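> What follows is a protein structure lacking sequence information:
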């Protein structure tokens with residue numbers, strides 16, 4: 001079998017994801033809900049509002065950064081990017097988290113995937129999986145199916161609890177290499193510990209307490225060692241552990257935040273990172289937000305929302321975000337659509353990024369899944385010279401009562 005270096009990245013996907021029963025069983029506070037996930041053409045997890053900017057900030061880490069069991073509008077990378085945008089910063093934040101990552105996987109991702117995007121900043125959360133690698137033969141250079149950096153090998157998880165100082169030294173050397181790489185490509189680097197829960201109270205995390213305490217000890221050893229090392233060689237660091245210590249209400253297990261916790265992580269990062277990004281602040285925000293509607297039941301006839309006024313002198317990128325509730329009698333994936341009235345017809349696809357039909361005008365289908373409720377967002381463009389638009393919704397090929405709630409619109413002025 002041919003051997004090759006593993007690029008740890010997400011698959012190209014658009015789906016509604018529900019936590020499996022075995023995952024929920026030991027996490028009683030995680031609600032069984034439907035979570036929408038979509039990757040962009042580069043297999044990064046899409047944000048609720050994908051802000052366009054040449055100043056790109058990549059946030060790397062494991063499943064904590066991936067933040068998959070939150071709605072798209074409360075994942076902390078999404079909230080952080082939106083917060084900077086609404087406050088007038090010319091920055092694009094990209095969620096580069098991948099479940100199961102180690103620091104070595106992240107280094108490989110930076111070298112082989114992220115450098116070509118010419119990022120201005122990288123924010124790297126030390127993966128909690130590094131703590132698990134302390135017990136594997138070879139440390140970061142293990143042969144585990146989950147954590148190895150090689151594919152096409154005979155994967156095996158050989159336990160070896162010796163040489164912990166050497167394995168810690170491995171991890172620190174990865175960050176020394178990452179610093180050299182970022183310096184060479186003029187990238188500002190911040191290394192962070194993720195917030196974690198050290199305790200294990202009843203009805204929070206139903207896992208073997210002895211094993212949990214061991215994992216917690218190893219995670220903290222890695223975090224302490226790497227942060228101390230990074231500080232010693234001049235890497236900017238943030239330690240999120242103290243600010244979130246024992247705040248069980250913000251987590252659904254010891255290493256993953258719920259929606260409320262993710263929003264708090266975004267607030268913490270905004271407060272501590274804003275001084276480093278001050279040179280990207282514009283005189284006025286290019287991103288604005290409008291709340292269009294609280295709730296709407298779709299019918300086969302279009303329901304038009306209030307007119308949206310736009311600055312006509314420049315191109316606009318519009319993101320429309322809402323929660324959709326599909327009943328059990330929804331029969332197909334595209335049983336709803338939204339329509340955009342530009343008040344003129346002489347437009348092309350490249351100007352709108354929408355489909356056109358003589359029956360409804362400019363439109364895009366909305367993903368509908370039987371008996372599911374989830375948050376979803378779509379984007380389209382408005383070319384310069386158009387001072388206003390109207391957005392409408394309608395059901396399509398169904399009599400099912402599809403409901404929308406909390407309809408939000410984000411308007412980004414493109415340079």
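It's in. Since the structure is predicted, the reported quantities are computational estimates derived from the model, not experimental observations.
> State the distance from the residue nearest to residue 372 when sequence neighbours are not counted to residue 70.
In this structure, residue 372 finds its nearest non-sequential neighbour in residue 34, 4.7 Å apart by CB to CB, 6 or more residues apart in numbering. C-beta: built from backbone N, CA, C; applies to glycine. Applying CB to CB, to the nearest Å, the value for residue 34 to residue 70 is 12 Å.
> Next: residue 157.
Taking CB to CB as the measure, residue 157 and residue 70 are separated by 30 Å.
> Between those two, tell me which one has more neighbours.
residue 70 (24 against 15; other CB atoms under 10 Å).
> Quick check, the more buried one in contact with residue 258.
Yes: judged on CB atoms under 8 Å, residue 70 makes contact with residue 258 at a distance of 6.9 Å.
> so what's the backbone phi/psi at the residue nearest to residue 372?
phi -100, psi 130 (degrees, to the nearest 10).
> now the strands for the stretch 251-400 of the chain?
251-253, 256-257, 287-297, 303-304, 308-309, 316-326, 336-341, 355-357, 361-366, 372-382, 388-395 (DSSP state E, counting those that start in this stretch).
> Give the burial count for residue 185, as a bare number.
13.
> Mind pulling up the pLDDT for the residue nearest to it when sequence neighbours are not counted?
What sits nearest to residue 185 in space, not counting adjacent residues and going by CB to CB, 6+ apart, is residue 115, at 5.9 Å. pLDDT, residue 115: 98.
> Might one say that residue 158 is in contact with residue 139?
No: Residue 158 lies out of contact with residue 139 (CB under 8 Å); the separation is 11.4 Å.
> The two: which is more packed in?
Remark: of residue 158 and residue 139, residue 139 carries more neighbours, 22 against 11, as counted by other CB under 10 Å.
> Over to the more buried one: give its phi and psi.
According to degrees, to the nearest 10, residue 139 has phi 60, psi -120.
> Quick check: chain neighbours aside, which residue is closest to it?
residue 167 (3.6 Å).
> Could you give the number of residues near the one you found?
As a burial measure, residue 167 scores 24 neighbours (other CB under 10 Å).
> Could you check the pLDDT of it?
The per-residue pLDDT of residue 167 was computed as 95.
> what about the stretch 201-350 of the chain, any weak spots by pLDDT?
Along the stretch 201-350 of the chain, the model assigns pLDDT under 70 to no residue.
> how long is stretch 95-102 end to end?
This stretch, stretch 95-102, spans 16 Å end to end (CA to CA, to the nearest Å).
> How about that stretch, which residues are buried there?
95, 96, 97, 98, 99, 100, 101, 102 (16 or more other CB atoms under 10 Å).
> ditto for stretch 192-209
Buried-residue list, stretch 192-209, by 16+ other CB under 10 Å: 192, 193, 194, 195, 196, 197, 200, 204, 205.
> and the residue nearest to the fourth one when sequence neighbours are not counted, how many neighbours does it have?
I take that to be residue 195. Of all residues not flanking residue 195 in the chain, residue 244 sits nearest, at 3.4 Å (CB to CB, 6+ apart). Neighbour count of residue 244, defined by other CB under 10 Å: 19.
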